[in-house]
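Trainee: turn this into a structure:
(2 chains)
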There are 2 protein chains.
Amino acid sequence: MIRLEQIKHLAESTPSKIIFLVMDGLGGLPHPDTGKTELESARRPNLDKLARDGICGMSTTVSAGITPGSAPGHLAIFGYNPLEPKYQIGRGVLEALGIGFNLKDGDLAIRGNFCTIDKAGLITDRRAGRIPTEKCDELCTKLGKIKVKGAEAFVRPVKEHRFVLVFRGKNLPPDINDTDPQKLGVAPLPAVPNQSSAKATANIVNDFLDNARKVLADEHPANMVLLRGFSKYPPEVPSMSEVFKLKPAAIATYPMYRGLAKVVGMDILQAGSTIKDEFSTVVKSYGKYDFFFIHIKGTDSAGEDGDFARKVSVIEEVDRELPSLIDLKPDVIVVTADHSTPALLKGHSWHPVPFLLYSKWCRRDSVQEFSESACAHGALGVFPATDIIPLALANALKLDKYGA
Amino acid sequence: MIRLEQIKHLAESTPSKIIFLVMDGLGGLPHPDTGKTELESARRPNLDKLARDGICGMSTTVSAGITPGSAPGHLAIFGYNPLEPKYQIGRGVLEALGIGFNLKDGDLAIRGNFCTIDKAGLITDRRAGRIPTEKCDELCTKLGKIKVKGAEAFVRPVKEHRFVLVFRGKNLPPDINDTDPQKLGVAPLPAVPNQSSAKATANIVNDFLDNARKVLADEHPANMVLLRGFSKYPPEVPSMSEVFKLKPAAIATYPMYRGLAKVVGMDILQAGSTIKDEFSTVVKSYGKYDFFFIHIKGTDSAGEDGDFARKVSVIEEVDRELPSLIDLKPDVIVVTADHSTPALLKGHSWHPVPFLLYSKWCRRDSVQEFSESACAHGALGVFPATDIIPLALANALKLDKYGA
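Mentor: Below you'll find the model as predicted:
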């Protein structure tokens, strides 16, 4: 497969436009009563028309049998191989993106847990009895007042016992061991640098930990914190404009996906909370960008909840609103997903996802509808998700010839 | 594709069970009279039902156009990329596994040929006129009495002029050049170490060769030996339990396949000699393992013999016995092969092999029967054999999500 360093020399900026519609967790499994998946059960005349006029296939996000998390799922469909270590997004950064914390270049992000320690300082509960989120809010406000030398500390609640800790300062290498020993009956570990350059960072973290222990001393059960996934923002991911010569914009209702889009250098467009809002944001900004990543969260949420019917209705809603995008007459329309989230499994799964690409130049195949079973017979076959962006660029005539 | 070091962190041990049925050399070519392959000619209602309820495809064992030997064929379907040098099994070790020699950790195994030398010591026949196997037996017994300093030597007949030589001792690095010059009119080469650490090994081998020359001096035509494929046991292959967190067992009637299963850390179960025996061994041991590799040799043997009808009847026999396995209600059933052995070619071939996977979560496709022509339209497409184990693990819900 072609590498980003190679495609970089082929990509060129042109006026042609790409609409990139991602229905999170779109792929499903057949309902036992009907034998049809969520997508197959939905009324979807517009998606079917695009499939009929386009070319289809099934896309494997990470690798056969592998269930993708949201970060590798999106990186893959943005064109970055999520199995390469350099494209793995640290846990701390991901958690910060998930709550919409405005990470700045050079920030060190860490995932935190409140925990319970006994009088001897040994951990008795790594999750502090999963304290209510309101309590987490309150404790984060307390911890947020801690001052440490050499960096500014931000503490933000996530959910229950989970929070995000961000240090902002100069030169904070993230090569620090987790302080979470991952077992009970032992003390939280101190921050230890994995290489000498991270010594100062470790001192800052330990300073914070000493303070946190004092601040939380009289709390129960959340009387200490454990830190994991020390990671730096931004990750070392070249931007889509650098590699693919695109001017990309992202429309997403959830912070995590706006964050992932920001990681690859997309501009984030403000949109309301409905699918209609998202699509009309595209219409409004259509002149300013040449690549629109539109993220639909509802399909995944319904799948995670095991709500087959709701997932069907989200797909139908997307289909109903689709004409507003089609009417823009973009050069390329891609509709796909970052992974499957079958309602039957109530979670992400390894199943390949249905894919369609519509363009004037797509060499249309015999697929007559947009569904898992039809896409399985599409002319694109089963193909890796990292091929999607090159295919979209090619169909938008944005890629020069390779070699003479 | 995901690497073993990555999948290792996703795999988890669960009670779910996988039946992994390998019909050696299953893939075939159409009979000129009927246009049907061996598999397509067989009555196979049970395999067809599994295909209808499951998901199908065609699996490429090594790479397009490449005909796999037994070792790379099996390593690939066990999840190890046979093109990686570290997963190549030395010829000496393979020959020893093939005759069921009980190799122990640290053994140095070598493939031997009896040859003919003239009075000047120059080779006149590299295979000693392919002496009868009985003669080979007799000469191996003689050679087996040779004592060398620093190691114990085992000499075991294989077939005609071929034998296995194993040295057992402390610290015997295998970095020794073949003593077979691969041409006539020159003398057998001495054992030469490729690196200084193998000096002692080379001395032991040369000591053995001096003795062999004396022992065989009055024999004709087998009056000398040539040695090849110096290799160490075990090869550097991480076990399936280490990488895939499985508790795997192997049922095979031929020593070679038990040996290959042992290389990847499977327990070897004793079974009788028929297909029925093999399947009933699975039934008896069903509680003790979560992965059962069942090797059917008859399909390959019949293919190698060019016996189309016999290959058909072996497939029919497997199909008849299959209900005993299906009745166990395993979470995943895989039926496939290590390579094709078309009766028309009388040997292994490069053709992809039919593959079926049945599980509750497989997302069944439209394939209606288990045959090469039907599997070619399966939803899995044409896919590398190293994907098989990840797919089986995923369908048994034994793989955690990749990334958050």
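
Trainee: from here on, contacts and neighbour counts on C-alpha atoms
Mentor: Noted.

Trainee: quick one: contacts for whichever residue of the stretch 301-404 of chain A sits closest to chain B?
Mentor: With C-alpha to the nearest C-alpha as the measure, A:Ala376 is the residue of the stretch 301-404 of chain A nearest to chain B, at 5.3 Å. The neighbourhood of A:Ala376, defined by C-alpha atoms under 8 Å, 6 or more residues apart in numbering or on different chains, consists of A:Gly57, A:Met58, A:Pro354, A:Val382, B:Gly378, B:Ala379.

Trainee: let's see 7 Å
Mentor: A:Gly57, A:Met58, B:Ala379 (C-alpha atoms under 7 Å, 6 or more residues apart in numbering or on different chains).

Trainee: burial of the spatially closest residue to it that is not a sequence neighbour, as a residue count?
Mentor: Nearest residue to A:Ala376 in three dimensions, chain neighbours excluded: B:Ala379, at 5.3 Å (C-alpha to C-alpha, 6 or more residues apart in numbering or on different chains). For B:Ala379, the count of nearby residues is 26 (other C-alpha atoms under 10 Å in any protein chain shown).

Trainee: swap in A:Asp210?
Mentor: 12.

Trainee: my guess is it is in a strand, correct?
Mentor: No. Using DSSP: H, G, I helix; E, B strand; the rest coil, the assignment for A:Asp210 is helix, not a strand.

Trainee: separation between it and A:Lys147?
Mentor: Relative to A:Lys147, A:Asp210 is positioned 11 Å away (C-alpha to C-alpha, to the nearest Å).

Trainee: then A:Ala202?
Mentor: Relative to A:Lys147, and taking C-alpha to C-alpha, A:Ala202 is found at 15 Å.

Trainee: can you check A:Ala198 too?
Mentor: From A:Ala198 to A:Lys147 the distance is 20 Å (C-alpha to C-alpha).

Trainee: likewise A:Asp105?
Mentor: 21 Å.

Trainee: between these two, tell me which one has more neighbours.
Mentor: A:Lys147 (15 against 12).

Trainee: secondary structure class for the residue nearest to that one when sequence neighbours are not counted?
Mentor: Nearest in space to A:Lys147, with sequence neighbours left out and distances taken as C-alpha to C-alpha, 6+ apart, is A:Ala153 at 7.0 Å. What three-state DSSP gives for A:Ala153 is strand.

Trainee: so what's the residue count around A:Ala153?
Mentor: Neighbour count of A:Ala153, defined by other C-alpha under 10 Å: 22.

Trainee: show me where chain A has strands.
Mentor: A:18-23, A:55-60, A:108-117, A:123-125, A:152-159, A:162-168, A:224-232, A:248-252, A:267-268, A:291-296, A:332-336, A:353-359, A:382-384 (DSSP state E).

Trainee: highest mean neighbour count out of these?
Mentor: Each of the strands of chain A was scored by mean neighbour count; the highest is strand A:55-60, a mean of 30, by mean count of other C-alpha atoms under 10 Å in any protein chain shown.

Trainee: can you list the strands that that one pairs with?
Mentor: strand A:353-359 (antiparallel), strand A:382-384 (parallel) (DSSP bridges).

Trainee: average pLDDT for the first one?
Mentor: What that stands for is strand A:353-359. Averaged across strand A:353-359, the pLDDT comes to 98.

Trainee: quick one: that strand to chain centroid distance?
Mentor: In terms of C-alpha atoms, centre = their mean, to the nearest Å, the centre of strand A:353-359 is set 20 Å apart from its chain centre.

Trainee: need the residues that contact that strand.
Mentor: A:27, A:50-51, A:53-60, A:331-337, A:339-340, A:371-372, A:375, A:395.

Trainee: stretch A:182-197 now?
Mentor: Against stretch A:182-197 from outside (C-alpha under 7 Å, 6+ apart): A:121-125, A:173, A:175-181, A:199, A:202, A:205-206, A:226.

Trainee: ok, of the residues you listed, which come out buried?
Mentor: A:123-125, A:173, A:175-181, A:199, A:202, A:205-206, A:226 (16 or more other C-alpha atoms under 10 Å in any protein chain shown).

Trainee: and the residues you listed, which two are furthest apart?
Mentor: A:Thr124 and A:Pro173 (30.9 Å; C-alpha to C-alpha).

Trainee: how about the contacts made by the closest residue to chain B within the stretch 101-250 of chain A?
Mentor: Nearest to chain B in the stretch 101-250 of chain A, going by C-alpha to the nearest C-alpha, is A:Gly229, at a distance of 11.6 Å. Applying C-alpha under 7 Å, 6+ apart to A:Gly229 gives the contacts A:Gly90, A:Arg91, A:Gly92, A:Ile110, A:Arg111, A:Asp178.

Trainee: my guess is the third one contacts A:Lys232. True?
Mentor: This means A:Gly92. No. Assessed by C-alpha atoms under 7 Å, A:Gly92 is found out of contact with A:Lys232, at 8.1 Å.

Trainee: which residues of chain A lie near chain B?
Mentor: A:29, A:63-72, A:83, A:350, A:373, A:376, A:381-382 (C-alpha under 7 Å from any C-alpha of the partner chain).

Trainee: can you turn the buried part of the residues you listed into a PyMOL selection?
Mentor: Per 16+ other C-alpha under 10 Å, the buried members of these correspond to this PyMOL selection:
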select buried, chain A and resi 29+63+64+65+66+67+68+69+70+71+72+83+350+373+376+381+382
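
Trainee: tell me which of the residues of chain A next to chain B fall in helices.
Mentor: Taking DSSP state H, the ones among the residues of chain A next to chain B that sit in helices are A:Ser70, A:Ala71, A:Pro72, A:Ser373.

Trainee: which residues touch the residue nearest to A:Thr67 when sequence neighbours are not counted?
Mentor: Excluding its sequence neighbours, the residue lying closest to A:Thr67 (C-alpha to C-alpha, 6+ apart) is A:Trp350, at 4.1 Å. The contact partners of A:Trp350, taken as C-alpha under 7 Å, 6+ apart, are A:Gly65, A:Ile66, A:Thr67, A:Pro68, A:Ser340, B:Ala394.

Trainee: hmm, 6 Å instead?
Mentor: Residues in contact with A:Trp350, defined by C-alpha atoms under 6 Å, 6 or more residues apart in numbering or on different chains, are A:Gly65, A:Ile66, A:Thr67.

Trainee: same check on A:Ala128?
Mentor: A:Phe114, A:Cys115, A:Thr116, A:Pro221, A:Ala222.

Trainee: is the first one bridged to anything, and to what?
Mentor: Read it as A:Phe114. Residues in beta-bridge contact with A:Phe114 (DSSP bridges): A:Val225.

Trainee: that one reaches A:Val225, doesn't it?
Mentor: Yes. With contacts counted by C-alpha atoms under 6 Å, A:Phe114 reaches A:Val225, the gap being 4.5 Å.
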